[in-house]
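Participant: 3D model of this:
(3 chains)
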Amino acid sequence: MQIDALIARLKEQYPPGKFGSRDPFHVLIATVLSQRTRDEVTDRAADKLFSKYRTPEELACADVRDIENLIREVGFYRVKALRVKEIARIINNDYGGKVPADIEALLMLPGVGRKTANCVLVYGFGKDEIAVDTHVHRISNRLGLVSTKTPEETEEELRRVIPERHWKYVNELFVRFGQDICRPAGRKCDQCPVSELCPDKRKKQ
DNA sequence: AAAACGGGGGC
DNA sequence: GCCCCAGTTTT
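Facilitator: From the prediction side, this is the model:
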């Protein structure tokens, strides 16, 4: 597999967004809300929440019931409301209101696993890391970049296979490609921009 | 390794 | 109406 060609082609198809230019705290909270939830729904809920509570301090003092009502549509809203408030409290009390740019510190926060922590590092701080979700996991296997069973193994393998300068782009590019073309079921190989690089493409028509 | 949390959207 | 979905935690 020619990684450079793959990344270049996906970048043509899906122009990269603004890495490291978003408020890390907003990235952190929005990413927790996004877990097992579609983007459009997440964005609506995050807008409601942030228009009322903008900073870690404000959110740490918010009524959990009010947070629940603002984010209800994302699902898992009770546990997510508790986690969001607790994360805000910890960021406010232990880190002076600034999200730490440190994977180990991020992983200690409730509701933050490797995917969420790496998203904060990539989208909030512009770090060269790989955030592996189900799309990245599925597509990495289909493209033959890895042969793995869990997202953790996929992250480990991708760090060996993909040059570090490409890492930060992997999540956004693969996710958009995965929603658009290389879907879990009903993949559109006849419209695929990288089908000639794919060992697992279905025969056309 | 598997269950549990959950409302929204596609078909 | 049924099934899947930008995960993480707990059993």
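Participant: can you tell me which residues contact the residue of chain A found nearest DNA strand C?
Facilitator: For chain A, the residue closest to DNA strand C is residue A:113, as judged by C-beta to the nearest atom of the strand, at 2.6 Å. Backbone N, C-alpha and C define where each C-beta goes, glycine included. The neighbours of residue A:113, taking C-beta atoms under 8 Å, 6 or more residues apart in numbering as the test, are residue A:107.
Participant: next one: residue A:14
Facilitator: Contacts of residue A:14 (C-beta under 8 Å, 6+ apart): A:172, A:173, A:176, A:177, A:180.
Participant: mind running it again at 7 Å?
Facilitator: Residue A:14 is in contact with A:173, A:176, A:177, counting by C-beta atoms under 7 Å, 6 or more residues apart in numbering.
Participant: By neighbour count, which bits of the host helix or strand of residue A:174 are buried? Give me those.
Facilitator: Per DSSP states H and E, residue A:174 falls inside helix A:167-180. By neighbour count on 16 or more other C-beta atoms under 10 Å, the buried set for helix A:167-180 is A:167, A:168, A:169, A:170, A:171, A:172, A:173, A:174, A:175, A:176, A:177, A:178.
Participant: And stretch A:116-130, by the same measure?
Facilitator: A:116-125, A:127, A:129-130.
Participant: would JSON lines of the contacts of residue A:14 with pLDDT and distance to residue A:25 be doable?
Facilitator: Formatted as JSON lines, the contacts of residue A:14 follow (pLDDT from 0 to 100; distance: C-beta to C-beta, whole Å):
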{"residue": "A:173", "pLDDT": "95", "distance to residue A:25": "25"}
{"residue": "A:176", "pLDDT": "93", "distance to residue A:25": "24"}
{"residue": "A:177", "pLDDT": "94", "distance to residue A:25": "28"}
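Participant: Just give me the closest of the residues you listed to DNA strand B.
Facilitator: residue A:176 (15.8 Å).
Participant: how many neighbours does the closest residue in space to residue A:46 that isn't next to it in sequence have?
Facilitator: Spatial nearest neighbour of residue A:46, chain neighbours left out: residue A:30 (4.4 Å); criterion: C-beta to C-beta, 6 or more residues apart in numbering. The local packing of residue A:30 (other C-beta atoms under 10 Å) involves 25 other residues.
Participant: Determine the three-state secondary structure at residue A:30.
Facilitator: helix (DSSP: H, G, I helix; E, B strand; the rest coil).
Participant: With DNA strand C in mind, check whether the stretch of helix or strand residue A:12 belongs to reaches it.
Facilitator: Using DSSP H and E, residue A:12 sits in helix A:3-13. No - Helix A:3-13 stays clear of DNA strand C (C-beta under 7 Å from any atom of the strand), getting no nearer than 13.4 Å.
Participant: so who does the closest residue to residue A:52 other than its chain neighbours touch?
Facilitator: Excluding the flanking residues, the one nearest residue A:52 by C-beta to C-beta, 6+ apart is residue A:70, at 6.6 Å. Residue A:70 makes contacts with A:45, A:48, A:49, A:52, as judged by C-beta under 7 Å, 6+ apart.
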